[in-house]
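Trainee: Test case, fold it:
(one chain, ligands or ions: 1)
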Amino acid sequence: MQKRGAFISLEGIDGSGKTTLKQSLLSALSGKYQTIGIREPGGTVISEKIRRILLDVHNDGIIDKTEAFLYAAARSQLVEEIIRPALSQGKLIIADRYLDSTIAYQGYGRGLDIKFLQDLNRLCTGELKPDLTLLLDIDPEVGLSRRNKEIPDRLEKEGLQFQARIRDGYLRLLAQEPQRIKLLNAKKTTDILLQEAMTLIEDLLD
Ligand code: TYD
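Mentor: This next block holds a predicted model:
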């Protein structure tokens with residue numbers, strides 16, 4: 001059992017396979033570590049309620065800044081209620097999205113000011129960053145084809161150009177923080193992705 005907790009986030013555009021990777025990582029790691037899986041927006045009763053507002057296709061009146069504040073509010077609740085306590089109990093957290101999603105989606109996707117969003121992220125997380133972020137990179141068209149059977153939520157309805165800007169945003173974040181953010185080619189098979197992710201996680205925890 002690791003002495004201190006560790007915080008790993010998974011990031012990528014819609015359809016990049018984060019949720020599948022999260023499940024296989026949790027299965028692979030739970031024998032050796034006390035693991036906890038979370039998702040954003042969500043992960044607490046309050047944050048799941050905010051999630052419903054955010055993803056509801058009927059809420060097309062939400063302005064971009066309100067959207068950013070709602071993601072931040074959901075995150076703030078998650079950090080205080082789940083993430084900080086879990087880290088202080090030495091747990092290993094695998095998060096499906098965290099603060100990079102706000103920069104990629106509301107910043108590069110919607111066009112909100114990046115500095116404003118960085119400040120907002122600092123406020124809602126109290127500067128708590130992941131120890132490691134795995135960025136699942138994929139062509140937006142491939143991501144879309146993987147989601148073809150699902151009914152698109154409010155964000156997914158934005159289309160391919162929106163996803164392309166988000167992907168580009170993630171790649172900029174990668175260039176800015178190469179120590180924390182590691183790139184995975186999401187076109188690889190789930191088994192290979194799991195192996196590559198496990199190697200990066202073991203390097204972090206050693
Ligand atoms: P979800 O169904 O969880 O999508 P995915 O499985 O791709 O993670 O929906 C979350 C949506 O919210 C997704 O489109 C990304 C978006 N999002 C933001 O726009 N900003 C954020 O800060 C977060 C956490 C998510």
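
Trainee: and the residue nearest to Tyr98 when sequence neighbours are not counted, what are its bridge partners?
Mentor: Nearest non-adjacent residue to Tyr98, counting by C-beta to C-beta, 6 or more residues apart in numbering: Ser9, 4.0 Å away. All C-beta spots, glycine's among them, are computed from the backbone N, C-alpha and C. Taking DSSP bridges as the rule, Ser9 bridges to Ala95, Thr133.

Trainee: hang on, Ile38 in a strand?
Mentor: Yes: counting by DSSP: H, G, I helix; E, B strand; the rest coil, Ile38 is located in a strand.

Trainee: Now do the helix or strand of the chain with the lowest mean pLDDT: which elements does it pack against?
Mentor: Ranked by mean pLDDT, DSSP states H and E, the helix or strand of the chain with the weakest confidence is helix 140-146, at a mean of 91. The contact analysis (3 or more C-beta pairs under 8 Å, 6 or more residues apart in numbering; DSSP states H and E) places helix 140-146 against helix 160-176.

Trainee: Show the average pLDDT along the helix or strand following the helix it packs on.
Mentor: The first helix or strand that comes after helix 160-176 along the chain, using DSSP states H and E, is strand 181-185. Mean pLDDT, strand 181-185: 98.

Trainee: Kindly export strand 181-185 (C-alpha atoms) in PDB.
Mentor: What follows is strand 181-185, C-alpha atoms only, in PDB (Å, rounded to 0.1, in the frame of the first residue of the first chain):
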ATOM      1  CA  ILE A 181       0.500  15.100 -18.700                       C
ATOM      2  CA  LYS A 182       1.300  11.900 -20.700                       C
ATOM      3  CA  LEU A 183       0.000  11.200 -24.200                       C
ATOM      4  CA  LEU A 184      -1.600   7.900 -25.100                       C
ATOM      5  CA  ASN A 185      -2.700   7.100 -28.700                       C
END
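
Trainee: tell me the angle of it relative to helix 160-176?
Mentor: If you take axes from the mean of the first three to the mean of the last three C-alpha atoms, to 10 degrees, strand 181-185 sits at 130 degrees to helix 160-176.

Trainee: residue ranges with poor pLDDT in the protein?
Mentor: Scanning the chain for pLDDT under 70 picks out the ranges 1-3.

Trainee: re the thing from before, surely the residue nearest to Tyr98 meets Pro130?
Mentor: Yes: between Ser9 and Pro130 a contact is recorded at 4.2 Å, counting by C-beta atoms under 8 Å.

Trainee: What residues does the protein have near the ligand?
Mentor: By C-beta under 6 Å from any ligand atom, the part of the chain that sits against the ligand consists of 14, 18-19, 39-41, 55, 71, 96-97, 101-102, 105-106, 153, 155-156.

Trainee: Among the residues you listed, which ones are in helices?
Mentor: Lys18, Thr19, Leu55, Tyr71, Ser101 (DSSP state H).

Trainee: Confirm for me that Arg154 is in contact with Ile53.
Mentor: No: using C-beta under 8 Å, Arg154 makes no contact with Ile53, being 9.4 Å away.

Trainee: Need the residues touching each of the two.
Mentor: Jointly contacting Arg154 and Ile53 under the rule C-beta atoms under 8 Å, 6 or more residues apart in numbering are Asn59, Ile62.

Trainee: Please tell me how far Phe69 sits from Arg154.
Mentor: From Phe69 across to Arg154, the span is 16 Å (C-beta to C-beta, to the nearest Å).
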